[in-house]
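S.K.: Below is the structure, and that's it, no one-letter string:
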DNA sequence: CTGTCGATCATTGTATCCAATAACCGTTCG
DNA sequence: CGAACGGTTATTGGATACAATGATCGACAG
């Protein structure tokens, strides 16, 4: 989609701009859930003609961020707590399948080099007694890398695509709720547990233990579920979840 | 997407036409894997202007049937045997999650009525000693219904959407390989086994046995995997697989 | 013969316009 | 007050035109 020609400017630069900006308007809450996306308003706002905007909206619909109306046009989608939890679980289920497939493939030394390095780096990070904000930043980067490498080890384009697609929902990504950990009194402990999962998943893959790898990867996604529950008790944290304006909070009786 | 106004003609009738026709051209092999989709050629062929065609192509890209080129435009995707097997497995994994979630929800009598009827109808069908072609037709309809109802019982829009998306690949649908069974000498036996799975999945859901339901649903998708293997030995059968022109057959050395 | 360059043509992305239809508002009636 | 209707305005889908760029072909040089 970000089709790039030789000078690195996409051939469809206006469509890319429309897509990025629209996504931003939606995720920031400027375009509110349930409201119609006003094409002409976006035209004025972005300085792009309607055509690329309409192409971008079709893509955003496939991402799950907008729905089309029977009368024409699009509205911004809304998600509730259950949707978030389910998205995390779908990701965990598919990553579980990726871990199992990775183990079943019996990857060789060269294939495992990157993920071993990554787990080693995560280990060194987690071993620090008082994690700084920089440490947390590094953790987020390496965590994402671990998940990416895990999926690549499964060597299945179809599976990767399915995982990428659920992760188009911003709150479904592996790092979506990691920030919650950084604010807990026992934040280091949770890092320790998460890293134990990473390490054990790698170990299971190395040993060709598919069922173990799958179970561990699915349990690993439970950390995000736990963080979701924590964030739900804290409005300020919930506001920091990627895509939070799309999330309808349950009314307090 | 098929946004329909009050008189049942979609407001975007040209875009729908373009989408349906393009999909057909791709799945029938008229637009060949690896080849560029010629917009103007499609304009002439369908009698639709370029705008709806381009909107349809973006949707087909999200379906996985076309890829965009860095130089602009789209090419038809190609899949190999591993992609098919993986698509079936992703579907099975997600349907496994659906079955587990359905069981965990403890649905009441009313919620289970439809799927019970469906399983009952499948039972009556499978009990016949010599299945006719009409029987097979009914089987296909009821089989699809079973899978649809199963996913609905999970009561998760996010999960349903993930399953719908993998099923956009034609060879990943629950019925994609059922025809292979109709041509086997022991075709009734395979129906019996498949129906045992349906029945047991329902039983597990009724009993709230999530792990059992999940395992059964995943094993159930293995029937399609088996039929894939059978079809791979038989060029004529392989040609009848939905989307077969997209599939690159392995060269015989 | 092969590679490079330039010209031409075909294709695609985008902007703009037109027409259809949905939404909104005001008025009237029960 | 609420519902129905009609008129007006706004919005969206589709068609078309224009410009940019990629692909192709022929000529020339090494």
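M.R.: Here it is on my side, so go on. Computed from a prediction, not measured in an experiment: that's the story for all the values here. Numbering: from 1, shown residues only, chains lettered A, B, ... in the order given.
S.K.: Residue ranges in chain A under the pLDDT threshold?
M.R.: Residues of chain A meeting the criterion pLDDT under 70: A:1-8, A:185, A:251-253.
S.K.: quick one, strands of it?
M.R.: For chain A, applying DSSP state E gives strands covering A:66-68, A:74-76.
S.K.: Out of these, which is closest to residue B:142?
M.R.: Nearest of the strands of chain A to residue B:142, taken as Cβ to Cβ: strand A:66-68 at 30.5 Å. (C-beta placed from N, C-alpha, C; glycine too.)
S.K.: With adjacent residues omitted, what lies nearest to residue A:222?
M.R.: Among residues not flanking residue A:222 along the chain, residue A:92 sits closest, at 7.1 Å (Cβ to Cβ, 6 or more residues apart in numbering or on different chains).
S.K.: gap between the one you found and residue A:215?
M.R.: 11 Å (Cβ to Cβ, to the nearest Å).
S.K.: Equivalent analysis for residue A:101, please.
M.R.: Distance from residue A:101 to residue A:215, by Cβ to Cβ: 14 Å.
S.K.: more neighbours, the two?
M.R.: More crowded of residue A:101 and residue A:215, by other Cβ atoms under 10 Å in any protein chain shown: residue A:101, with 21 against 17.
S.K.: Just list the residues touching the nearest residue to that one once chain neighbours are set aside, thanks.
M.R.: Leaving aside its chain neighbours, residue A:101 sits nearest to residue A:154 (4.1 Å; criterion: Cβ to Cβ, 6+ apart). By Cβ atoms under 8 Å, 6 or more residues apart in numbering or on different chains, the residues touching residue A:154 are A:97, A:98, A:99, A:101, A:102, A:105, A:160.
S.K.: ok, now with 6 Å
M.R.: Residues near residue A:154 by Cβ atoms under 6 Å, 6 or more residues apart in numbering or on different chains: A:98, A:101, A:102.
S.K.: Would you mind measuring from the spatially closest residue to residue A:84 that is not a sequence neighbour to residue A:37?
M.R.: Leaving aside its chain neighbours, residue A:84 sits nearest to residue A:171 (5.0 Å; criterion: Cβ to Cβ, 6+ apart). As judged by Cβ to Cβ, residue A:171 and residue A:37 stand 20 Å apart.
S.K.: The residue lying closest to residue A:243 once chain neighbours are set aside: neighbour count?
M.R.: Excluding the flanking residues, the one nearest residue A:243 by Cβ to Cβ, 6+ apart is residue A:170, at 3.7 Å. By other Cβ under 10 Å, 21 other residues sit near residue A:170.
S.K.: I'd like the contacts of residue A:154 as TSV, with distance to DNA strand C appended.
M.R.: Shown next, in TSV, are the contacts of residue A:154 (distance: Cβ to the nearest atom of the strand, whole Å):
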residue	distance to DNA strand C
A:98	32
A:101	34
A:102	35
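S.K.: which one of those residues sits closest to residue A:244?
M.R.: Distance to residue A:244, by Cβ to Cβ, is smallest for residue A:98 among these, at 27.4 Å.
S.K.: what's near enough to touch that closest one?
M.R.: Counting by Cβ under 6 Å, 6+ apart, residue A:98 makes contact with A:150, A:151, A:154, A:159.
S.K.: how does it look with 7 Å?
M.R.: A:150, A:151, A:154, A:159, A:163 (Cβ atoms under 7 Å, 6 or more residues apart in numbering or on different chains).
S.K.: what separates the third one from residue A:218, distance-wise?
M.R.: Think residue A:154. From residue A:154 across to residue A:218, the span is 14 Å (Cβ to Cβ).
S.K.: Next to DNA strand C in this structure, residues from chain A, please.
M.R.: Residues of chain A found near DNA strand C (Cβ under 7 Å from any atom of the strand) are A:3, A:11-16, A:48-52, A:55, A:69, A:71-72.
S.K.: Among those, which pair sits farthest apart?
M.R.: The most widely separated members of the residues of chain A next to DNA strand C are A:11 and A:71, with 33.0 Å between them, by Cβ to Cβ.
S.K.: Neighbour count for these two, which is higher?
M.R.: For residue A:11 versus residue A:71, neighbours defined as other Cβ under 10 Å are more numerous around residue A:11 (16 against 11).
S.K.: mind checking how far the more buried one is from residue A:198?
M.R.: 39 Å.
S.K.: Mind listing residues that contact stretch A:188-201?
M.R.: Contacts of stretch A:188-201 (Cβ under 7 Å, 6+ apart): A:99, A:119, A:122-123, A:126, A:131, A:139, A:146, A:150, A:181, A:184, A:213, A:216-217, A:219-220, A:223.
S.K.: Show the buried residues in the residues you listed.
M.R.: A:99, A:119, A:122, A:126, A:131, A:139, A:146, A:150, A:181, A:213, A:216-217, A:220, A:223 (16 or more other Cβ atoms under 10 Å in any protein chain shown).
S.K.: From those, pick the one nearest residue A:242.
M.R.: Lowest distance from residue A:242 to these (Cβ to Cβ) belongs to residue A:181, with 15.0 Å.
S.K.: That closest one touches residue A:224, doesn't it?
M.R.: No. Residue A:181 lies out of contact with residue A:224 (Cβ atoms under 7 Å); the separation is 9.9 Å.
S.K.: rewinding a little: looking at the strands of chain A, which is buried most?
M.R.: Mean neighbours per residue, mean count of other Cβ atoms under 10 Å in any protein chain shown, is largest over those for strand A:74-76, with a mean of 21.
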